[in-house]
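**Q** Just a sequence and a predicted model for now, questions to come.
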Amino acid sequence: MATRAFVTGAGGFIASHLVEALLRRDWQVTALVHYNSRASWGWLETHHCKPPPNLKVVLGDITDPFLVREALDGCEIVFHLAALIAIPYSYNAPASYVQTNMAGTLNLAEAARKTGVKRFVHTSTSEVYGTVQYTPVDERHPLQGQSPYSASKIAADKLIESFVCSYGLPAVTVRPFNTYGPRQSARAVIPDIIAQALQGNSVQLGSLDPIRDMTFVSDTVEGFIRASEVDGVTGQVFNLGTGEAVSIRDLAHAIFNLLGVSPALVTDPKRVRPSASEVQKLVSNNSKAAKVLDWHPTVTLREGLSRTIEWVRDHPEQYYPGEYAV
């Protein structure tokens, strides 16, 4: 019998890639997509006209505990990716982040424990580490909320930890670093750089000095799947990152080289985070995921950027170069 999975946030960037990977493995997938007036499935729209028989799409909201409980019924594995994730918008609407990222996680965890799921894969973020005390950063590093977004994710992480300890929820937390690739929104730095560089003589960004660990989406997805399959990992946390560092400035120049262009890099003050909120360096120590999950990222930055460039170039309608997507 095929494994039955429940994926939240399924219309989003990473989650849609995850759903498609599970469908290719012949899993039975129930995908929860945030309700909207267009009845859009987000990035699952390619399945809209003729969904495969092993895909069920539910339009709803993770903040509705009754809908979540009903939609989850009969599923064995939960992949929880529903969240508000834009850091700049969290400065404007912190209450929304509490409601979705904290209360939504509570609703899903409560439904999962009552239905007796076999594995709950919870999505964290490298942003929970804040300004790190050492690099590469491992899972033992203290957590620090330097934005409303990261604070809401820390709370969600700790809530899942409490459900493991209090109720025996078979949960594992994966902590992706900066995932990128086809379908990523204009608010993310890599597609933003690409879209601007393809259509203008200058690229406007925020701070150029922060250093990040960029992981291609197919590698991140494989980490999620490994976390759902490996035995004996309940209650554990796993970093999903490459362990390689690149500054935003160097990242932009790498993209320019691949495109064969040389636009000016311009710092736009409205894109710069508050100084105490900016996280300057996030580089993953992924040795635990390598050892325990047998997870190893395989896509190089150059290859991943090339694939992302090709996708952005083929989908110009998704981007508005020069406009700041919060």
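**A** Sure, I can see it.

**Q** can you give me the strands in the stretch 51-200 of the chain?
**A** Remark: strands assigned in the stretch 51-200 of the chain by DSSP state E, counting those that start in this stretch are 55-60, 77-80, 119-123, 171-176, 178-180.

**Q** In its sheet, which strands sit next to the third one, and in what direction?
**A** Strands adjacent to strand 119-123 in the sheet, as given by DSSP bridges, are strand 77-80 (parallel), strand 171-176 (parallel).

**Q** Using JSON lines, please lay out the strands of the stretch 51-200 of the chain together with distance to Ala276 and mean neighbour count.
**A** For the C-beta atoms, the positions are set from N, CA and C on the backbone; glycine is no exception. Formatted as JSON lines, these follow (distance: least, Cβ to Cβ, whole Å; neighbours: other Cβ atoms under 10 Å):
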{"stretch": "strand 55-60", "distance to Ala276": "37", "mean neighbour count": "17"}
{"stretch": "strand 77-80", "distance to Ala276": "29", "mean neighbour count": "26"}
{"stretch": "strand 119-123", "distance to Ala276": "26", "mean neighbour count": "26"}
{"stretch": "strand 171-176", "distance to Ala276": "22", "mean neighbour count": "24"}
{"stretch": "strand 178-180", "distance to Ala276": "21", "mean neighbour count": "23"}
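
**Q** Quick one, which of those strands gets closest to Pro88.
**A** Between Pro88 and those, the shortest separation by Cβ to Cβ is 15.2 Å, and it involves strand 178-180.

**Q** what's next to the closest one, contact-wise?
**A** 13-14, 126, 188, 190-191, 212-217, 220, 240-241, 282, 304, 308 (Cβ atoms under 8 Å, 6 or more residues apart in numbering).

**Q** which other helices and strands contact the biggest helix by length in the chain?
**A** Assignment by DSSP state H gives helix 148-167 as the longest helix of the chain. In terms of contacts (3 or more Cβ pairs under 8 Å, 6 or more residues apart in numbering; DSSP states H and E), helix 148-167 is packed against helix 87-92, helix 94-97, helix 104-115, strand 119-123, strand 171-176.

**Q** Buried residues in the shortest one, which are they?
**A** Residues of helix 94-97 classed as buried under the neighbour-count rule (16 or more other Cβ atoms under 10 Å) are Pro94, Tyr97.
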